[in-house]
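Q: Have a look at this fold, sequence not included:
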């Protein structure tokens, strides 16, 4: 990180802070007030700030995004209103994955073992066909496996396995996820 002592200065470079300021202006004027159906417009804005956005992505206007350049959104994924993508570090969301309303993906934290309380970032990876249900919290550095379902208001503090239904605080695998009547192609 840029500064190892957060009490004496900012954690991010001036370039990063300027980019976030400009993104804040664009978010506040052009992104947040765009009509709900204009997913292509919001994808364009995110791409303009360095995000990698797949085809058919639905990012709703009330999604809070810290740094678009740290986002990689797979084809046909959806991010619901009120979700927070705290992308201080890289956040990767897989194909046909759903991030529900109020879910919080946090890719940054502080090293509380150091006197300077430095900020550290760790990537979050959500696999294809996964679902992070409403108001779940995903900690920095977590990988959610392909097809995994994370229950509403769960707190994910460790990696979750593929094709499992998981829930709780802390989140734990509960049962296998089975799809009825359709074969998923990867």
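A: Yep, it's here. Being a predicted model, the structure only gives us computed values, none of them experimental.
Q: now the helix of greatest length in the chain: how far from the chain's centre is it?
A: In the chain, with assignment by DSSP state H, the single longest helix is helix 14-26. Relative to its chain's centre, helix 14-26 lies at 19 Å (Cα atoms, centre = their mean, to the nearest Å).
Q: What residues sit buried inside it?
A: Buried residues in helix 14-26, counted by 16 or more other Cβ atoms under 10 Å: 19-20, 23. Every C-beta, even on glycine, is put in place using the N, C-alpha and C of the backbone.
Q: who's in contact with the residue lying closest to residue 75 once chain neighbours are set aside?
A: The shortest distance from residue 75 to any non-neighbouring residue, by Cβ to Cβ, 6 or more residues apart in numbering, is to residue 54 (3.6 Å). Residue 54 sits next to 73-77, 95 when contact means Cβ atoms under 8 Å, 6 or more residues apart in numbering.
Q: Could you rerun that using 6 Å?
A: 73-75 (Cβ atoms under 6 Å, 6 or more residues apart in numbering).
Q: what do you get for residue 58?
A: Taking Cβ under 6 Å, 6+ apart as the test, what residue 58 contacts is 39, 78.
Q: Pairing partners for it in the sheet, please.
A: residue 78 (DSSP bridges).
Q: And it, what's its pLDDT?
A: At residue 58, the pLDDT value in this model is 98.
Q: For residue 171, see how far away it is.
A: 25 Å (Cβ to Cβ, to the nearest Å).
Q: Could you do residue 90 as well?
A: Relative to residue 171, and taking Cβ to Cβ, residue 90 is found at 21 Å.
Q: Neighbour count for the two, which is higher?
A: Of the pair residue 90 and residue 171, residue 171 is the one with more neighbours under other Cβ atoms under 10 Å, namely 24 against 16.
Q: got the phi/psi numbers for the more buried one?
A: When read as degrees, to the nearest 10, the backbone of residue 171 gives phi -60, psi 130.
Q: what's near enough to touch it?
A: By Cβ under 6 Å, 6+ apart, the neighbours of residue 171 are 154, 156.
Q: hmm, try it at 8 Å
A: Here residue 171 is in contact with 136, 150-151, 154-158, 160 (criterion: Cβ under 8 Å, 6+ apart).
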